[in-house]
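In: Sequence first, then the predicted structure, then my questions.
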Protein chains: 2
Amino acid sequence: MIIDILIEKIKEKGNPIVVGLDPRLSYVPEYITEKYFMKYGVTKKAAAKSLYKFNKKIIDSIYDIVPAVKPQIAMYERYGVEGIKVYESTVEYAKMRGLVVIGDIKRSDIASTAEAYSDAHLGCTDIRGEDFPGFDHDFITLNPYLGSDSITPFLKDCKIYEKGVFVLAKTSNPNSGELQDLICDGRPLYEHVAGLIEKWGSDMIGKYGYSCVGAVVGATHKEQAARLREIMPHTFFLVPGYGAQGGTAEDLAVCFRDGIGAVVNSSRGIIAAHMKDKYNVCFNDEKDFAMAARQACLDMKNDLRRCI
Amino acid sequence: MIIDILIEKIKEKGNPIVVGLDPRLSYVPEYITEKYFMKYGVTKKAAAKSLYKFNKKIIDSIYDIVPAVKPQIAMYERYGVEGIKVYESTVEYAKMRGLVVIGDIKRSDIASTAEAYSDAHLGCTDIRGEDFPGFDHDFITLNPYLGSDSITPFLKDCKIYEKGVFVLAKTSNPNSGELQDLICDGRPLYEHVAGLIEKWGSDMIGKYGYSCVGAVVGATHKEQAARLREIMPHTFFLVPGYGAQGGTAEDLAVCFRDGIGAVVNSSRGIIAAHMKDKYNVCFNDEKDFAMAARQACLDMKNDLRRCI
């Protein structure tokens, strides 16, 4: 099961970090962008190619010390078809480097439409009886607002294709509580969602006791995360919000049990490390950006180790 | 404002139908698919090109009698990059034919990511100080689970680029009530969402009293729709669930006031009409599929007129 593979990669690297591949053109050094703008002009293609080159160098620099990456598809959709092309290439390149890939796509729709999304992002699309695989994700993120029948098509493909999902429970953004914290029948909404997530994963539990249906639980809400860990004993957590969004290692330690139980995402904190004074001092050539990312991963690993 | 343009097109056509462009390869007549499979082999490209040809013929056949179309991006994402290309072309072609285009994308994410989605689907992406427009939607659909700060970036672009959004309130699928109907502080969750939608649109109200921030309200829940119409007086509704999903004209009439207030979606019921016995009898040549779709639009228009 894919959840076992993720857990084994975390153990092997001694590191529960997932690197968020949410690149922005402003993060990409000029020596890269110049090359593509010279070749393709100021176009979406040149921008997209720059992001891909940037991603490749980041992946090359961190693949041996982290278990997983999480490309955020919005950052690629913004460059249209050219962006989607390099999204696909990024997923493929990360897989080739042995990383677990979590496609951060947060899709959701009614069942007949969810089937199409699942074909695209977990399974295969049938064309005249031949199966054509979609993006080569190991996991994707999903939004639960439409309820069980909107999730079922993805669960079916998880079983067929040995994939997994992370469903939003409690997100890391400032207004996450507006709906998610509303008290429904005596419990906050996110706890109702948590109950569903446990149920959805109940027949896909791997050898470490965690299921292939994970939950997104923000590092910015310590008490809620502790409660969610309690009521979702078989659910692996994808934890956003560390670093730039304000979550600390102390906050998110509650997501773990015996050193496992979660992957912790950092995006800007790692891939844009070279733009921070802390790393800029040591990595001061623009070609050093990927080494800065590696150092930021190692620093984050040490920071998390203090608490987990 | 885009909501005024939509309402004027509905008045002009005397018809509140939005045609869901959710094509499947199984809907496309062989004379179309054969041509592309001959040319490109059994590939995603051939499949995607077939869908585009199908869409074009449907659009040509209905553009003068309906105000809007709603392409469902999942049906295109399933064919990867080639699918996204024809999604883009479909949007452009529908715009060129004078139709309002509602991109059914149901995106949602934290603010910094929502900005990227908004660049992609409503606004523009900046590349070296130049603005590159994204998909040429007039409206898109959004999921509210993350709260206000996940919606704000889209509202900002609605104002700048004269666009609109439809936010999921009460969806049409069988399990929609699982979370949406939970009673929170004395009211179902979808009413809390409804309150937010009214607020989000409060400074974008057009000359007919409706705002550019609409709500998705399923035709399959008559009582809830009636209540939502009451508590969202300035909110235009996008109503899915008519026909194939079980919603009737009687059910959804409550979404209207004085003949306006909503657009009613039908997808399969129109674009796959040629596969139903009812239409197959009259439109029995495979090239007649678009004429069957036109007849299904006219029949639906008459059905809705009985009740609205």
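Out: Good, I have the coordinates. These numbers come from a predicted model, not from an experiment.

In: Return the residues of the stretch 151-300 of chain A in contact with chain B.
Out: Proximity of the stretch 151-300 of chain A to chain B is confined to A:168, A:171-180, A:182-185, A:189, A:192-193, A:196, A:240, A:245 under the rule CB under 8 Å from any CB of the partner chain. Using the backbone N, CA and C atoms, a C-beta is placed for each residue, glycine as well.

In: and those residues, which are buried?
Out: Listed as buried from these are A:168, A:171-180, A:182, A:184, A:189, A:192-193, A:196, A:240, A:245; burial here means 16 or more other CB atoms under 10 Å in any protein chain shown.

In: picking up where we left off before, mind checking which of the residues of the stretch 151-300 of chain A next to chain B are in helices?
Out: Mapping those onto helices (DSSP state H) picks out A:177-180, A:189, A:192-193, A:196.

In: Please identify which of those residues is nearest to B:Arg97.
Out: Nearest to B:Arg97 among these is A:Leu179, at 37.8 Å by CB to CB.

In: So that closest one sits against B:Gly195, correct?
Out: No: if you go by CB atoms under 8 Å, A:Leu179 and B:Gly195 don't touch, sitting 10.7 Å apart.

In: Run through who's touching stretch A:105-113.
Out: Here stretch A:105-113 makes contact (CB atoms under 8 Å, 6 or more residues apart in numbering or on different chains) with A:73, A:114, A:117, A:121, A:140-146, A:149-150, A:152-153, A:168, B:22, B:72, B:74-75, B:106-109, B:143, B:171-173, B:240, B:245.

In: how about a cut-off of 7 Å?
Out: Identification of contacts with stretch A:105-113 by CB atoms under 7 Å, 6 or more residues apart in numbering or on different chains yields A:73, A:117, A:121, A:140-143, A:145-146, A:149-150, A:152-153, A:168, B:72, B:74, B:106, B:108-109, B:143, B:171-173.

In: Quick check: end-to-end length of stretch A:252-267?
Out: 16 Å (CA to CA, to the nearest Å).

In: residues of stretch A:87-107 that come out buried?
Out: A:87-91, A:93-94, A:99-107.

In: got the residue ranges for the strands in the stretch 1-150 of chain A?
Out: Counting by DSSP state E, counting those that start in this stretch, the stretch 1-150 of chain A has strands at residues A:17-21, A:68-71, A:100-107, A:124-127, A:130-133, A:139-142.

In: quick one: low-confidence parts of the stretch 151-300 of chain A?
Out: Low-confidence segments of the stretch 151-300 of chain A, defined by pLDDT under 70: none present.

In: can you pull up the bridge partners for A:Gln72?
Out: Residues in a beta bridge with A:Gln72, per DSSP bridges, are A:Asp104.

In: got the contact list for the residue nearest in space to the middle of chain A?
Out: In chain A, the residue lying closest to the centroid (CA atoms, centre = their mean) is A:Lys70, at 3.3 Å. A:Lys70 sits next to A:18, A:20-21, A:102, A:104, A:265 when contact means CB under 7 Å, 6+ apart.

In: try 10 Å this time
Out: For A:Lys70, the contact set (CB atoms under 10 Å, 6 or more residues apart in numbering or on different chains) comprises A:18-22, A:94, A:99-104, A:137, A:139-141, A:166, A:238, A:240, A:263, A:265-267.

In: cool, A:Ile260 as well?
Out: A:6-7, A:10-11, A:16, A:208-210, A:236, A:308.

In: could these be laid out in TSV, adding neighbour count?
Out: Output for the contacts of A:Ile260, formatted as TSV (neighbours: other CB atoms under 10 Å in any protein chain shown):
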residue	neighbour count
A:Leu6	27
A:Ile7	23
A:Ile10	24
A:Lys11	14
A:Pro16	30
A:Tyr208	18
A:Gly209	14
A:Tyr210	27
A:Phe236	27
A:Ile308	19
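
In: Looks to me like A:Val263 is in a strand.
Out: Yes: the assignment for A:Val263 by DSSP: H, G, I helix; E, B strand; the rest coil puts it in a strand.

In: residues contacting it?
Out: A:Val263 sits next to A:6-7, A:9-10, A:15-18, A:66-68, A:70, A:100, A:102, A:139, A:166, A:214, A:236-240, A:255 when contact means CB under 10 Å, 6+ apart.

In: Likewise for A:Phe154?
Out: Applying CB under 10 Å, 6+ apart, we find A:Phe154 in contact with A:107-108, A:114-115, A:117-118, A:121-123, A:140, A:142, A:163-165, A:167, A:200, A:213.

In: element containing it, please.
Out: Taking DSSP states H and E as the criterion, A:Phe154 maps to helix A:148-161.

In: Export only the CA atoms of that helix, formatted as CSV.
Out: Output in CSV follows, covering the C-alpha atoms of helix A:148-161 (Å, rounded to 0.1, in the frame of the first residue of the first chain):
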residue,chain,number,x,y,z
SER,A,148,-19.1,10.6,0.7
ASP,A,149,-20.4,10.0,-2.8
SER,A,150,-18.0,12.7,-4.1
ILE,A,151,-15.0,10.8,-2.5
THR,A,152,-16.0,7.2,-3.3
PRO,A,153,-14.7,7.3,-6.9
PHE,A,154,-11.2,8.3,-5.7
LEU,A,155,-11.3,5.5,-3.0
LYS,A,156,-12.1,3.0,-5.7
ASP,A,157,-9.1,4.0,-7.7
CYS,A,158,-6.9,4.1,-4.6
LYS,A,159,-7.5,0.3,-4.3
ILE,A,160,-7.1,-0.5,-8.0
TYR,A,161,-4.0,1.6,-8.6
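
In: Compute the distance from the centre of it to the centre of its chain.
Out: Relative to its chain's centre, helix A:148-161 lies at 19 Å (CA atoms, centre = their mean, to the nearest Å).

In: now swap in stretch A:265-272 and tell me
Out: Stretch A:265-272 sits 12 Å away from the centroid of its parent chain (CA atoms, centre = their mean).

In: Any idea how far apart the tips of it sit?
Out: 14 Å.

In: Next: stretch A:229-239.
Out: For stretch A:229-239, the separation between the terminal residues is 12 Å (CA to CA).

In: What of stretch A:52-72?
Out: Criterion CA to CA; first-to-last residue distance in stretch A:52-72 is 13 Å.

In: go on, stretch A:63-81?
Out: In stretch A:63-81, first residue to last residue: 27 Å (CA to CA).

In: quick one on the thing from earlier: let me have the strands of the stretch 1-150 of chain A in TSV, adding mean pLDDT as columns.
Out: Listed next are these as TSV, based on pLDDT from 0 to 100:
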stretch	mean pLDDT
strand A:17-21	98
strand A:68-71	98
strand A:100-107	98
strand A:124-127	98
strand A:130-133	98
strand A:139-142	98
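
In: could you redo the ones you listed as a markdown table and give each row distance to A:Val28?
Out: As requested, the strands of the stretch 1-150 of chain A are exported to a markdown table (distance: least, CB to CB, whole Å):
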| stretch | distance to A:Val28 |
| --- | --- |
| strand A:17-21 | 12 |
| strand A:68-71 | 15 |
| strand A:100-107 | 20 |
| strand A:124-127 | 32 |
| strand A:130-133 | 29 |
| strand A:139-142 | 25 |
